[in-house]
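Peer 1: Here is the input, now give the coordinates:
(one chain, ligands or ions: 1)
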Amino acid sequence: MRGNSSTSRALNRRLLLKLLRDRGPISRAEMALITGLSPAAVTFVVAELMDEALVVEREAIAGATGRRPVPVDINYDAHLAVGFKLNRHSIDCVLTDLATTPLALMEAEVADTSPEAVIEVIAATIPRLLAQSGRSQSAVMGLGVSIPGEIDASNGICLQSPRFGWQNLAFASLVAERVDVPVWIDDDVNAFAVAQKLFGAGRQHRNFAALAIGAGIGCSLVINGEIYHGSRGAAGKMGHSISVPDGYLCECGRHGCLMAHAAEPFMLDEWQRRIGKPVTRAEFVGAVAAGREPAISILKDAGSRIGRHLAEVVNLFDPEIIVVGGEAVEFGEALLAPIRKTMEEFVFFARPELLPDWVPSSWARGAAALATQSIFDFERSPSS
Ligand SMILES: [Zn+2]
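Peer 2: You can find the predicted model right below:
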């Protein structure tokens, strides 16, 4: 899709697919009217997209005045993507359609975090997901893997992932060689932001931040409709801002990072320190739901700390909204209210809305969105 001869065609395809994604089914005449493309150009591009089963004609609604124009829609169901979100001891796996709607979900165990072990689990899971969704005969259009770390997404290289001990690993091409499907990789919070941009709360926004609070903390930025990766794949690493000089040890090897003082593992450790006995996450969730101390104070402190750093992001970047995801969203307003309050206390001017948008499958769906976004963004090429 690169090169001058195909550039305008690619742009027209992207323009019409984006329009259909935003508006839902509309007629060719309306597409021409809204985009300013000629009716002939719209007809040509739609015919091409229909050949590839990317769009489909829907039933025209008959009106009193006779035949209505036939609406065209994205053929979400005709293409399948798979997403894998890598965790330390498991992989969240999902099979989705083009709208990143989950068709099959699975959590796969990994014996160790070596690339080889992870790739074997990925390869073995694809046929299981297809079977679970009753579509064993279907092809997969692409595969996305989200990895916590610094990722060169355009070249498919994991520059470093302290959680997995990976460095300068051409992970996308290693996976593509094994599974023979185009592969995209990115940081897990970036992947969450991609899904938010395509089909989530960020859909109507050109500039927004996607804050994730789970095993770590990240704040990805979407600027002018694109994920901002930075020059070294290290943008959005709010969780590694030093929050407490000489504080707790972070997984990155430094002391006092925000995530070491406010991510979920910190909350559980802190609760255990204060009540003086071993605890489980479920017990902590129960204590939060019941409004018990010291669980509520721990969330208040963590939230205030996050809000303070988030205010810096807002001052530098002025996002339209901040979408919040990650496992800790489950703690609800006990965590979100102090984030909001402190952020508003520390920002200079802008007060963007904080919008939680999270379900447990959001991580894996974000990974799948790395593949489906290639349909909506033809500049991006996979490793294959
Ligand atoms: Zn760190």
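
Peer 1: who are the neighbours of the helix or strand encompassing Ala364, in terms of helices and strands?
Peer 2: According to DSSP states H and E, Ala364 maps onto helix 362-376. Secondary-structure packing of helix 362-376 (3 or more C-beta pairs under 8 Å, 6 or more residues apart in numbering; DSSP states H and E): helix 4-23, strand 80-86, strand 90-96, strand 102-109, strand 140-147, strand 183-187, helix 188-199. C-beta coordinates here come from the backbone N, C-alpha and C atoms, glycine included.

Peer 1: want to try TSV for these, with mean neighbour count and distance to the ion as columns?
Peer 2: Compiled in TSV, the helices and strands packed on helix 362-376 are given as follows (neighbours: other C-beta atoms under 10 Å; distance: least, C-beta to the ion, whole Å):
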stretch	mean neighbour count	distance to the ion
helix 4-23	15	36
strand 80-86	28	18
strand 90-96	24	22
strand 102-109	16	26
strand 140-147	25	16
strand 183-187	30	14
helix 188-199	28	14
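
Peer 1: Kindly reformat these as CSV containing mean pLDDT.
Peer 2: Shown next, in CSV, are these (pLDDT from 0 to 100):
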stretch, mean pLDDT
helix 4-23, 82
strand 80-86, 97
strand 90-96, 97
strand 102-109, 96
strand 140-147, 96
strand 183-187, 97
helix 188-199, 95
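
Peer 1: pLDDT below threshold where in this structure?
Peer 2: Judged against pLDDT under 70, the low-scoring parts of the chain cover residues 1-6, 62-67, 378-384.

Peer 1: what about 50?
Peer 2: Low-confidence segments of the chain (pLDDT under 50): 1-5, 378-379.

Peer 1: Tell me which stretches of the protein form helices.
Peer 2: For the chain, the helices defined by DSSP state H cover 4-23, 28-35, 39-51, 115-132, 171-179, 188-199, 258-262, 264-275, 281-289, 295-317, 333-346, 362-376.

Peer 1: of all those helices, which lies closest to Asn207?
Peer 2: Closest of these to Asn207 is helix 295-317, at 7.7 Å (criterion: C-beta to C-beta).

Peer 1: picking up where we left off before, can you dump the C-alpha coordinates of the helix holding Ala364 into PDB?
Peer 2: Coordinates of each C-alpha in helix 362-376 appear next as PDB, following Å, rounded to 0.1, in the frame of the first residue of the first chain:
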ATOM      1  CA  SER A 362     -10.000  -4.900  27.500                       C
ATOM      2  CA  TRP A 363      -6.300  -5.700  27.600                       C
ATOM      3  CA  ALA A 364      -6.600  -8.600  25.100                       C
ATOM      4  CA  ARG A 365      -9.000  -6.700  22.900                       C
ATOM      5  CA  GLY A 366      -6.400  -3.900  22.800                       C
ATOM      6  CA  ALA A 367      -3.900  -6.400  21.500                       C
ATOM      7  CA  ALA A 368      -6.300  -7.500  18.800                       C
ATOM      8  CA  ALA A 369      -6.900  -3.900  17.800                       C
ATOM      9  CA  LEU A 370      -3.200  -3.600  16.900                       C
ATOM     10  CA  ALA A 371      -4.100  -6.000  14.000                       C
ATOM     11  CA  THR A 372      -7.600  -4.600  13.100                       C
ATOM     12  CA  GLN A 373      -6.300  -1.000  13.000                       C
ATOM     13  CA  SER A 374      -4.300  -2.000   9.900                       C
ATOM     14  CA  ILE A 375      -7.700  -2.200   8.100                       C
ATOM     15  CA  PHE A 376      -8.400   1.300   9.100                       C
END
